[in-house]
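Visitor: what's the 3D shape of this:
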Amino acid sequence: LQPRESHYSRNQNRQRSYLSSNRSIASLYNEFITENPTYAPFAVQEQNHQNFKVKKWVFYKIFNYEFNISFGFPRSDVCERCEHNKVLQKTAEFVNDPTRLVQLKTEHDVHLVEANNFYAAMSSDVVGSFDEQTAFLCFDYQKNLPLPVTNVTKEFFSRQLWIFNFGVHDLRTGKAVMFTYSETYAHKGPNEVISCLRYYIDNHVSPNITKLRLFCDNSAGQNKNKYLIAYLYSLQARFDEIIITFPVVGHSRMPINKDFAHIEKAKRKHDTFHFPSDWTRLIRSSLRNSPFQLIYLEHPLTDDLCDDGTPIARVFNFKSSLEPYLRPATGISTLKAFKFTQNGEIFARESTAGTFNRQYNIRKPFVTTSLITQVTSLVPLAFNNFVPLKVAKFNNVMDLLKNIHITPEKVFYSSLQPITNAPEPNDSDTENEE
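Guide: Numbers count the residues shown, from 1 in each chain. Sure thing, here's the model as predicted:
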């Protein structure tokens, strides 16, 4: 067997290795018996020779308890830099250039150390080394969830409605909160991210917490932008210190992604998803030991649009409110962490670990810290009604609904409205909607 290591966080599972997903323990047992027929349970014992019979359950037990091997090599969102470096190494080997090969391997090792610093900062050892007044949170969006899922042929060529799921994971308690909503309720940008974070901090972070450690990916349209930086800047009156850390691109797997994996695993057990309740029910039940708490955004994500007792968070227009007071986020793409202190300063660094070696300013001249704090506390709501769909998507969804029996009380789909006088999206827009 030639198992491989995972692309992600080797310091979390140093001994874990993976075989191809088209293999299984049963197929390995069959191969073993084929290559060693004398060990087969049905083999005839040779005279004057002791044969050991290896039954299937014995093989299973040895494989599961004596080896740390799994099936299905997890390589989604593979780091482009790592893959390019591997190609360059193969080229250096082919042209017999040992100096270049050593240089490439060194660069790759440094890259992995930088990536693993991000994972190490979220490890249980680091979290446990801080006092109880420090909160550790990571957050991210899950892959978009489609609706309706009918599995009819035309569905594979049609645009579907997206259900968005934004998760916040507490690294100290291991519990996660999911903000789940339809694309007709809100968008998937900085307003939604900041609104969810504000709701979480106001309702789930204890008043005794004085320091905040945040971890998220590098998505400029959602997390790594001047609006989120400004919001965290405004929290300096609430916290003594805030540090937000971004991973090396391509190495952004976090504990919240493990929560999403539970949802994806439960999803594979279902063939169809006709109504929003199919998704909300699945999310709630996907982790039995510590069920996810669900929070709706803007409107109840229910089949009849009626309140079912689930909390509802509102989306505020931070982007438009803060824009007049902020400078362009120059050089933000190269920065890996920001530190906000209680005296109103922002420090940044270009690595995932180490000291904060430069100051960072997002305020325009003559804009004070108190003004930023005041603006973020008085932001208006972002939406007054449902968000209309592009005409092509609206028509596709309406066409798919012909394959679903909808009773009169299930009015969720009745709330869908198309954008009037909007340009048609091209194919690339549709393919990249997630």
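
Visitor: Give the helix, strand or coil label for the closest residue to residue 235 other than its chain neighbours.
Guide: Distance criterion C-beta to C-beta, 6 or more residues apart in numbering; nearest residue to residue 235, sequence neighbours excluded, is residue 242 at 6.2 Å. For glycine as for every other residue, the C-beta is placed from the backbone atoms N, C-alpha and C. Here residue 242 is recorded as strand under DSSP: H, G, I helix; E, B strand; the rest coil.

Visitor: what's the burial count for residue 242?
Guide: Using other C-beta atoms under 10 Å, residue 242 is surrounded by 21 other residues.

Visitor: Over to residue 130?
Guide: Around residue 130 there are 13 residues (other C-beta under 10 Å).

Visitor: contacting residues for it?
Guide: Counting by C-beta atoms under 8 Å, 6 or more residues apart in numbering, residue 130 makes contact with 136, 211, 213.

Visitor: What separation do you get for it and residue 243?
Guide: 11 Å (C-beta to C-beta, to the nearest Å).

Visitor: Assign residue 184 to one of the three secondary structure states.
Guide: Per three-state DSSP, residue 184 ends up coil.

Visitor: Look at it and report its pLDDT.
Guide: For residue 184, the pLDDT comes out at 95.

Visitor: Could I get the phi/psi values of it?
Guide: phi -90, psi 0 (degrees, to the nearest 10).

Visitor: all strands for the stretch 101-250 of the chain, in order.
Guide: Using DSSP state E, counting those that start in this stretch, the strands assigned to the stretch 101-250 of the chain run over residues 134-141, 145-147, 161-170, 176-182, 211-215, 241-245.

Visitor: other SSEs contacting the last one?
Guide: The helices and strands touching strand 241-245, judged by 3 or more C-beta pairs under 8 Å, 6 or more residues apart in numbering; DSSP states H and E, are strand 211-215, helix 226-234, strand 337-341.

Visitor: please redo it, this time with the cut-off set to 7 Å
Guide: strand 211-215, strand 337-341 (3 or more C-beta pairs under 7 Å, 6 or more residues apart in numbering; DSSP states H and E).

Visitor: residue contacts, the closest residue to residue 241 other than its chain neighbours?
Guide: The spatially closest residue to residue 241, leaving aside those adjacent along the chain, is residue 211, at 4.7 Å (C-beta to C-beta, 6+ apart). Listed by C-beta atoms under 7 Å, 6 or more residues apart in numbering, the contact set of residue 211 reads 133, 134, 239, 240, 241.

Visitor: wait, the residue nearest to residue 235 sits on residue 205?
Guide: No - using C-beta atoms under 7 Å, residue 242 makes no contact with residue 205, being 11.5 Å away.

Visitor: and the strands of the stretch 101-250 of the chain, which is most packed in?
Guide: strand 176-182 (a mean of 24; mean count of other C-beta atoms under 10 Å).

Visitor: Contacts for that strand next, please.
Guide: With C-beta under 7 Å, 6+ apart, strand 176-182 has contacts from 161, 163-169, 196, 200, 204, 256, 259, 276, 280, 283, 292-298, 301, 313.

Visitor: residue ranges of the helices in the protein, please?
Guide: For the chain, the helices defined by DSSP state H occupy 25-35, 56-66, 80-94, 98-121, 124-129, 190-204, 226-234, 255-267, 276-285, 318-322, 369-377, 391-400, 427-431.

Visitor: Mind putting those into JSON lines with mean neighbour count, mean pLDDT and distance to residue 174?
Guide: Output for the helices of the chain, formatted as JSON lines (neighbours: other C-beta atoms under 10 Å; pLDDT from 0 to 100; distance: least, C-beta to C-beta, whole Å):
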{"stretch": "helix 25-35", "mean neighbour count": "13", "mean pLDDT": "84", "distance to residue 174": "30"}
{"stretch": "helix 56-66", "mean neighbour count": "12", "mean pLDDT": "83", "distance to residue 174": "25"}
{"stretch": "helix 80-94", "mean neighbour count": "14", "mean pLDDT": "84", "distance to residue 174": "29"}
{"stretch": "helix 98-121", "mean neighbour count": "16", "mean pLDDT": "82", "distance to residue 174": "16"}
{"stretch": "helix 124-129", "mean neighbour count": "11", "mean pLDDT": "72", "distance to residue 174": "9"}
{"stretch": "helix 190-204", "mean neighbour count": "21", "mean pLDDT": "95", "distance to residue 174": "14"}
{"stretch": "helix 226-234", "mean neighbour count": "23", "mean pLDDT": "93", "distance to residue 174": "24"}
{"stretch": "helix 255-267", "mean neighbour count": "18", "mean pLDDT": "89", "distance to residue 174": "8"}
{"stretch": "helix 276-285", "mean neighbour count": "19", "mean pLDDT": "93", "distance to residue 174": "17"}
{"stretch": "helix 318-322", "mean neighbour count": "20", "mean pLDDT": "94", "distance to residue 174": "29"}
{"stretch": "helix 369-377", "mean neighbour count": "15", "mean pLDDT": "91", "distance to residue 174": "30"}
{"stretch": "helix 391-400", "mean neighbour count": "18", "mean pLDDT": "92", "distance to residue 174": "37"}
{"stretch": "helix 427-431", "mean neighbour count": "10", "mean pLDDT": "42", "distance to residue 174": "36"}
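
Visitor: Make JSON lines from these and add distance to residue 348 to it.
Guide: As requested, those are exported to JSON lines (distance: least, C-beta to C-beta, whole Å):
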{"stretch": "helix 25-35", "distance to residue 348": "49"}
{"stretch": "helix 56-66", "distance to residue 348": "47"}
{"stretch": "helix 80-94", "distance to residue 348": "22"}
{"stretch": "helix 98-121", "distance to residue 348": "15"}
{"stretch": "helix 124-129", "distance to residue 348": "21"}
{"stretch": "helix 190-204", "distance to residue 348": "18"}
{"stretch": "helix 226-234", "distance to residue 348": "9"}
{"stretch": "helix 255-267", "distance to residue 348": "24"}
{"stretch": "helix 276-285", "distance to residue 348": "35"}
{"stretch": "helix 318-322", "distance to residue 348": "19"}
{"stretch": "helix 369-377", "distance to residue 348": "17"}
{"stretch": "helix 391-400", "distance to residue 348": "39"}
{"stretch": "helix 427-431", "distance to residue 348": "34"}
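
Visitor: so which of those comes closest to residue 333?
Guide: helix 226-234 (11.9 Å; C-beta to C-beta).

Visitor: Could I get the contacting residues of the closest residue to residue 252 other than its chain neighbours?
Guide: In this structure, residue 252 finds its nearest non-sequential neighbour in residue 217, 4.3 Å apart by C-beta to C-beta, 6+ apart. By C-beta under 7 Å, 6+ apart, the contact set of residue 217 is 140, 223, 246, 247, 252.
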